[in-house]
Each structure stands twice: as C-alpha cells, then as structure tokens.
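In: All I have is the shape, not the residue letters:
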Ligand code: NAP
C-alpha cells in the first residue's frame, strides 16, 4: 500500500534529472501516484519524456507559464486524460542572468516584471486554471528559497519574486481552503540545478552550506521529494498556507559561521 495509491499528480518544472521537480515526481510515484509532466517545449522530447517514461508516465505536455492559453490547454488535456488533479506541483522560476548578479538596485523594469511573472504570478495562473479540476483533499505545492526573507547576495530580484510567491501561497490557501484545497511552499536549501547555475556566486553558497547548516550536509532532491510527499499526502491534512523549510536547519541560524 502506497501513501498516494490512486492519486494523480501534475508536475510543472522538470528540466532534467537534477531538477527539484524530478525529486518530487519520483517520491510521489514511489508511493503509488500517477504522475504527469509539463515543461517548456524545448526540453520535452530530449529531457522530460525519457524521464517520464522511466516511471511509466505518458502525460508530457508543453507549457510556457507566461501564457494563460498554454496553461489552459494543459489543464484541458489533463482533464481529458485523468479527470481531476489530486496534487499540483509548481517548481519553476526564471530571471534574466544579469539580474542575478551585481546589485538589486540595478534591476531593470522589464527584468523585474519577467521574474515576477514567471516565478510568482504563474502559481496564481496555474491554480486558477486548475481550479475546476481540483477538489476537496487536493494539494498544491510550490518551491521557494530563504532569499525571500533575508538578503542573499546576487539572489536579488528572485528574492523579491519568492517573497511574492510566499505571500501568494497564503492568499491562495485562504481562497481555496473553504473548498478543502491546500496550498503550501517548500523552502529548500541550495541544490545544484540548472536554475541555480544562473545565480552568481551559487558555487560558494553551496560549498559552505554543509559546513554551517545545523545538520552539516547539503540538501538533495530526495530530501525535498520526501517533504513534497508529506505535503501531497493526507499526512499533512490540516497544513495549509505554510512555508516548510527543507534546509538542514539553516534558517534558524542568526550568524552562520563555519567552525
Ligand atoms: P531547474 O531544474 O532548472 O527547473 C526550473 C524549471 O523552470 C526549468 O524546467 C525551467 O525551464 C522552468 N521554467 C523557466 N521559465 C519557465 C516558463 N516560462 N514556463 C515554464 N517553465 C519555465 O531548477 P530547480 O532548482 O529545480 O528549480 C525548481 C524550483 O525550485 C524553482 O522555483 C526554484 O526557484 C526553486 N528552488 C531552487 C533551489 C535551488 O537551490 N536549486 C532552492 C530553493 C528553491 P528552462 O530550463 O527552459 O528555463
């Protein structure tokens, strides 16, 4: 018996087998969920479909989350193939590379709008378009980072986007709560992924993390997957509007220093 036997999960944001979304997909699949994927078109055939097939999934659809039409098309196809959504995972973000370097004060107007649109508004759009096929007991999950709360060098506009995303989680949880739909975020410690590679200084941040975090280790996509599984399952039935840290305790430190 798996924790998610008979459940159906739609996952946005797999780029490759290092993606956090893939860690979550595997954890949900291992506990019995049927999993489907949506990612940007360019990644689909070479990267996403082989991964999907490795866990017996045939639902692989393109979507640029800046397009409401494309989001709607994915939801329509999901409904035709699977009916309802039990678990909706939003694990994507984007900012211009030049806005993840240098000073936040130099962020351009269009760079700000792009980062906020892809990384924060997209959660609102996904939930809105999915709402007709979400139901009592459905769980929505997104990914955030500590840079939403505290200044992390070079995280810049993405920190502001994640702050908007975390606030959206609370507002969406309040909107959808009366219908029994839960919305939560996981705040993950640094994980080596394609998106992370775009942040100036990420190597340094990743390298020192295991020396200072209370659990003295880096975070893996399996770690995030396990908390994703808990949030997706009935084990977290009364948890909504929360940001749950999967960061080895890093966020509790006042002045993180290596011994
Ligand atoms: P990833 O493997 O690079 O995944 C990010 C995904 O977002 C990619 O598939 C990317 O596609 C997609 N994306 C970007 N713009 C999109 C758009 N307009 N429409 C649809 N998809 C789009 O990186 P990841 O680190 O796993 O990121 C997943 C989530 O975790 C993000 O929200 C990230 O901020 C968050 N997070 C990451 C870390 C970390 O250290 N890695 C820590 C905490 C939170 P392209 O490759 O085509 O851009």
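Out: Ah, there it is. It should be emphasised that the depicted structure is a prediction, and the values quoted were computed from it without experimental measurement. Residues are numbered from 1 along each chain as shown.

In: in stretch 26-35, what counts as buried?
Out: Neighbour-count burial for stretch 26-35, counted by 16 or more other C-beta atoms under 10 Å, picks out 26-29, 31, 33-35. (C-beta placed from N, C-alpha, C; glycine too.)

In: Tell me the secondary structure of residue 230, please.
Out: Classification of residue 230 by DSSP: H, G, I helix; E, B strand; the rest coil places it in helix.

In: How about it, nearest residue that isn't a chain neighbour?
Out: residue 236 (5.3 Å; C-beta to C-beta, 6 or more residues apart in numbering).

In: quick one: contacts for the closest residue to residue 151 other than its chain neighbours?
Out: Nearest residue to residue 151, sequence neighbours excluded (C-beta to C-beta, 6+ apart): residue 159, at 7.1 Å. By C-beta atoms under 8 Å, 6 or more residues apart in numbering, the residues touching residue 159 are 104, 145, 147-148, 151-152.

In: now those: which count as buried?
Out: By 16+ other C-beta under 10 Å, these give 104, 145, 147-148, 152 as buried.

In: and those residues near the ligand, which?
Out: By C-beta under 6 Å from any ligand atom, the members of those lying near the ligand are residue 145.

In: Strands of this protein, start to end?
Out: 8-12, 34-39, 60-62, 87-90, 139-144, 182-188, 243-246 (DSSP state E).

In: I'd like those written out as a markdown table, with distance to the ligand and mean pLDDT added.
Out: Output for the strands of the chain, formatted as a markdown table (distance: least, C-beta to the nearest ligand atom, whole Å; pLDDT from 0 to 100):
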| stretch | distance to the ligand | mean pLDDT |
| --- | --- | --- |
| strand 8-12 | 7 | 98 |
| strand 34-39 | 5 | 98 |
| strand 60-62 | 9 | 97 |
| strand 87-90 | 8 | 98 |
| strand 139-144 | 3 | 98 |
| strand 182-188 | 4 | 98 |
| strand 243-246 | 9 | 98 |
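
In: got a markdown table for these, with distance to residue 45 too?
Out: Converted to a markdown table, the strands of the chain look like this (distance: least, C-beta to C-beta, whole Å):
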| stretch | distance to residue 45 |
| --- | --- |
| strand 8-12 | 17 |
| strand 34-39 | 11 |
| strand 60-62 | 9 |
| strand 87-90 | 21 |
| strand 139-144 | 25 |
| strand 182-188 | 28 |
| strand 243-246 | 31 |
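
In: quick one, which of these is nearest to residue 132?
Out: Taking C-beta to C-beta, strand 87-90 is the member of the strands of the chain nearest to residue 132, at 12.5 Å.

In: Please name the residues that touch residue 141.
Out: Applying C-beta under 8 Å, 6+ apart, the residues near residue 141 are 24, 87-90, 183-186, 228, 231-232.

In: Go through those and name the one nearest residue 258.
Out: For the contacts of residue 141, the nearest to residue 258 is residue 186 (25.6 Å; C-beta to C-beta).

In: circling back to that earlier point, in the buried ones among the contacts of residue 159, find the pair that's most separated.
Out: It's 104 and 145 that sit farthest apart of the buried ones among the contacts of residue 159, by C-beta to C-beta, at 15.0 Å.
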